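Participant: Attaching a predicted model along with its sequence, questions to come.
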Amino acid sequence: MRKKVIIDCDPGIDDSLAVMLALSMEELEVAGITIVAGNSPAEMGYENILKVLKFMDRLDVPVFIGADRPLKREYINALDTHGPDGLGGSFLPVVPSSSYIKQQKTAAEFISEVLPGGGISVIALGPMTNLAVLAEAYPEAFKSIDTLVSMGGSFKSPGNCSPVAEYNYWCDPDAAAYVYREMDRAGKKIHMVGLDVTRRIVLTPDLLAYMKRLSPHIGSFVEKITQFYFDFHWEWEHIIGCVINDPLAVAYFAQRDLCSGFDSYVQIETQGISIGQSVVDAMDFYRHSPNAVVLTETDPQAFFRLFFTRLLRLDSEPDLLEKLTK
Ligand code: RIB
Ligand code: CA
């Protein structure tokens, strides 16, 4: 049975790869995409996801615009990482409005209306502002989320916006804190796919070259939107390649054995020097029941096998992957 999912995202280069992957997976049905201000301002993110949907020939997927700023904090985008257009400076043609149906509902309104149907999950790939708005305005709908997977936070891996904070939770710490608190109150667990596991998922030049050999059409699109990201990673993380965080969250949602970790109580810091930090009570100091599944281990080779076979629609195993992934 296909798993119905809503993808909340801030496209964003890796968000775009994640949506491409989700749309290529038979086991998933993307019920809708919601946009939140994060990597890119909300309107830019909306424009970008339409470009991706056009490339995938999936402009039938409804897209809804959500929050254009964090709940309280000043909005700080990540265009320094994702390029001036939020898609690696690819400046793909804007999708004409005649090609799609412009949705009038907000992200929270859409999610609140489809969730009560039951069996619908949410994969959050950006700051959690839309989810916080949903939890506050439509608490019963929020509680009916089947599975909530969040790309965000970090347990032991250094932050990417401060020594301890990951961007999605740093950009809107109040929203993240509220969502984790509301999950706790609902007695549910959020699956935290944080930097501990996503930093292991590096799209290298060799892997990109292999993608282009196996599927010139899709591989060259991926190349077009990731070159800027490669340069950023060389400059700031001194690695050859780029960390593609968000696709791991999608792959994990569909195939849970891709990551492993532990249940824990997690709180998000909303002020001070460690603002945005996900404080994971791994030693159970607070004796508080878990509100999260904290993912700490993953298998990059298994991820790239899924990523290649689904995204590139391969009929056989990509045999060079073993050599190209460590
Ligand atoms: O910290 C990485 C996360 O922040 C990813 O989701 C990336 O797209 C940005 O949103
Ligand atoms: Ca993202």
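Facilitator: All right, it came through fine. Ligands and ions are numbered 1, 2, ... in the order given.
Participant: what residues does the chain put near ligand 1?
Facilitator: For the chain, the residues in contact with ligand 1 (Cβ under 6 Å from any ligand atom) are 10, 12, 14-15, 38-39, 78, 125-126, 151, 160, 166-168, 245-246. Bear in mind the C-beta positions are built from the backbone N, C-alpha and C, glycine included.
Participant: For ligand 2, what's the nearest residue on the stretch 151-300 of the chain?
Facilitator: residue 246 (4.9 Å; Cβ to the ion).
Participant: Backbone torsions only: list them for residue 63.
Facilitator: When read as degrees, to the nearest 10, the backbone of residue 63 gives phi -120, psi 130.
Participant: what is it paired to in the beta sheet?
Facilitator: residue 33 (DSSP bridges).
Participant: Please report how far it lies from ligand 2.
Facilitator: Using Cβ to the ion, to the nearest Å, residue 63 is found at 15 Å from ligand 2.
Participant: Need the per-residue pLDDT for the closest residue to ligand 1 within the stretch 51-200 of the chain.
Facilitator: Across the stretch 51-200 of the chain, no residue is closer to ligand 1 than residue 167, which sits at 3.6 Å (Cβ to the nearest ligand atom). On the pLDDT scale, residue 167 is placed at 98.
Participant: Could you do residue 326 as well?
Facilitator: pLDDT, read off for residue 326, is 68.
Participant: Adjust the sequence numbering to begin at 253 for everything that follows.
Facilitator: Got it, the first residue is 253 from now on, which makes the last one we talked about residue 578.
Participant: pretty sure residue 498 belongs to a helix, no?
Facilitator: Yes. Under DSSP: H, G, I helix; E, B strand; the rest coil, residue 498 falls within a helix.
Participant: for residue 259, helix, strand, or coil?
Facilitator: Residue 259 - assigned by three-state DSSP - is strand.
Participant: surely it meets residue 283?
Facilitator: No. Using Cβ atoms under 8 Å, residue 259 makes no contact with residue 283, being 9.0 Å away.
Participant: Counting neighbours, go ahead and name the busier of the two.
Facilitator: residue 259 (31 against 19; other Cβ atoms under 10 Å).
Participant: what's near enough to touch that one?
Facilitator: 270-271, 274, 282, 284-286, 374-375, 377, 502 (Cβ atoms under 8 Å, 6 or more residues apart in numbering).
Participant: which of these come close to ligand 2?
Facilitator: Filtering the contacts of residue 259 for proximity to ligand 2 by Cβ under 5 Å from the ion leaves residue 377.
Participant: Output the below-cut-off pLDDT ranges for the protein.
Facilitator: The chain contains residues with pLDDT under 70 at 578.
Participant: need the longest helix for it.
Facilitator: Secondary structure assigned by DSSP state H gives helix 468-488 as the longest helix of the chain.
Participant: Could you see whether ligand 2 lies near that one?
Facilitator: No. For a cut-off given as Cβ under 5 Å from the ion, helix 468-488 has no contacts with ligand 2; the smallest distance is 12.0 Å.
Participant: buried set for that helix?
Facilitator: 470-471, 473-482, 484-485 (16 or more other Cβ atoms under 10 Å).
Participant: now, the most widely separated pair of those residues?
Facilitator: Farthest-apart pair in the buried residues of helix 468-488 is 470 and 484; separation 22.1 Å (Cβ to Cβ).
Participant: In what element of secondary structure is residue 503 found?
Facilitator: Using DSSP states H and E, residue 503 maps to helix 497-506.
Participant: what residues does that helix touch?
Facilitator: So helix 497-506 is contacted by 255, 257, 259, 261, 264, 266-267, 269-270, 273-274, 277, 279-280, 373, 375, 377, 399, 401-403, 443, 445, 447, 449-450, 453, 510-511, 547, 550, 555, 558-559 (Cβ under 8 Å, 6+ apart).
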